[in-house]
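1. Provided below for reference: sequence and predicted model.
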Amino acid sequence: DSGVTQTPKHLITATGQRVTLRCSPRSGDLSVYWYQQSLDQGLQFLIQYYNGEERAKGNILERFSAQQFPDLHSELNLSSLELGDSALYFCASSPSGGQGGDIQYFGAGTRLSVL
Amino acid sequence: SQQGEEDPQALSIQEGENATMNCSYKTSINNLQWYRQNSGRGLVHLILIRSNEREKHSGRLRVTLDTSKKSSSLLITASRAADTASYFCATDEAAGNKLTFGGGTRVLVKP
């Protein structure tokens, strides 16, 4: 158990809908990262938050947004969903925010199926 | 975009044999990490090697890093059925902690 909790484990929804994925980081970790894993794109970094502020942005679509709350949990919002958004979404956390060399601890993921 | 390319894409070995997989990357890095993913589950960190290190060991794992060739290798010795998983290399660059993952190597260890 990595200590990172993601909910829900599975999500099935329809095209055009909006969903929210939730992540609770390990106790004491200040950074939260979101990744998308799909068969065609592999593991892609989406976005990082550090202590409530956006720290780095990757291949995140404009239809997607995220935030980190004062209690350090994070939510990833996916809107106007398309079939191609079906993927595993992982959250990871690490103690610090930007010097590199942090080990990232991954949650079990949320499997999103868009029908 | 993927920073790393892993080779081979898949590997099948007998229990007790060694498994070697390679990772190549494109840009300068601070650190390179290896992660394991059991089917459809979260990633588990295995080992981190810094850009100024050449070799690192952890239990049955041995990682090498050649920054001049922009490549790394992961060796699993005396493999076990429980080592069956996908293995990913991930790099982080000079600024920030964002990880860029390779495509992974699927390892099957047959009992």
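-> Yep, that arrived.

2. what about the strands in chain B?
-> B:5-7, B:10-14, B:19-24, B:31-37, B:43-50, B:55-58, B:61-66, B:71-76, B:85-92, B:100-101, B:105-110 (DSSP state E).

3. for those strands, give me TSV that also has mean pLDDT.
-> Putting those into TSV (pLDDT from 0 to 100) gives the following:
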stretch	mean pLDDT
strand B:5-7	85
strand B:10-14	96
strand B:19-24	96
strand B:31-37	95
strand B:43-50	95
strand B:55-58	97
strand B:61-66	98
strand B:71-76	97
strand B:85-92	94
strand B:100-101	90
strand B:105-110	96
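
4. tabulate the ones you listed in JSON lines, adding columns for distance to A:D102.
-> C-beta: built from backbone N, CA, C; applies to glycine. Output for the strands of chain B, formatted as JSON lines (distance: least, CB to CB, whole Å):
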{"stretch": "strand B:5-7", "distance to A:D102": "22"}
{"stretch": "strand B:10-14", "distance to A:D102": "29"}
{"stretch": "strand B:19-24", "distance to A:D102": "19"}
{"stretch": "strand B:31-37", "distance to A:D102": "9"}
{"stretch": "strand B:43-50", "distance to A:D102": "9"}
{"stretch": "strand B:55-58", "distance to A:D102": "17"}
{"stretch": "strand B:61-66", "distance to A:D102": "17"}
{"stretch": "strand B:71-76", "distance to A:D102": "18"}
{"stretch": "strand B:85-92", "distance to A:D102": "8"}
{"stretch": "strand B:100-101", "distance to A:D102": "14"}
{"stretch": "strand B:105-110", "distance to A:D102": "24"}
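
5. I'd like those strands as JSON lines, with mean neighbour count appended.
-> Converted to JSON lines, the strands of chain B look like this (neighbours: other CB atoms under 10 Å in any protein chain shown):
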{"stretch": "strand B:5-7", "mean neighbour count": "17"}
{"stretch": "strand B:10-14", "mean neighbour count": "14"}
{"stretch": "strand B:19-24", "mean neighbour count": "20"}
{"stretch": "strand B:31-37", "mean neighbour count": "24"}
{"stretch": "strand B:43-50", "mean neighbour count": "19"}
{"stretch": "strand B:55-58", "mean neighbour count": "12"}
{"stretch": "strand B:61-66", "mean neighbour count": "18"}
{"stretch": "strand B:71-76", "mean neighbour count": "21"}
{"stretch": "strand B:85-92", "mean neighbour count": "25"}
{"stretch": "strand B:100-101", "mean neighbour count": "22"}
{"stretch": "strand B:105-110", "mean neighbour count": "18"}
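
6. just so I know, which of those strands lies nearest A:F64?
-> strand B:100-101 (18.5 Å; CB to CB).

7. pretty sure B:T105 contacts B:E6?
-> Yes: if you go by CB atoms under 8 Å, B:T105 and B:E6 touch, sitting 4.8 Å apart.

8. name the nearest residue to residue 53, ignoring sequence neighbours.
-> In the absence of a named chain, this looks at chain A. A:Q68 (7.6 Å; CB to CB, 6 or more residues apart in numbering or on different chains).

9. was after chain B, sorry
-> By the measure of CB to CB, 6+ apart, the closest residue to B:E53 outside its immediate chain neighbours is B:L65, 6.2 Å from it.
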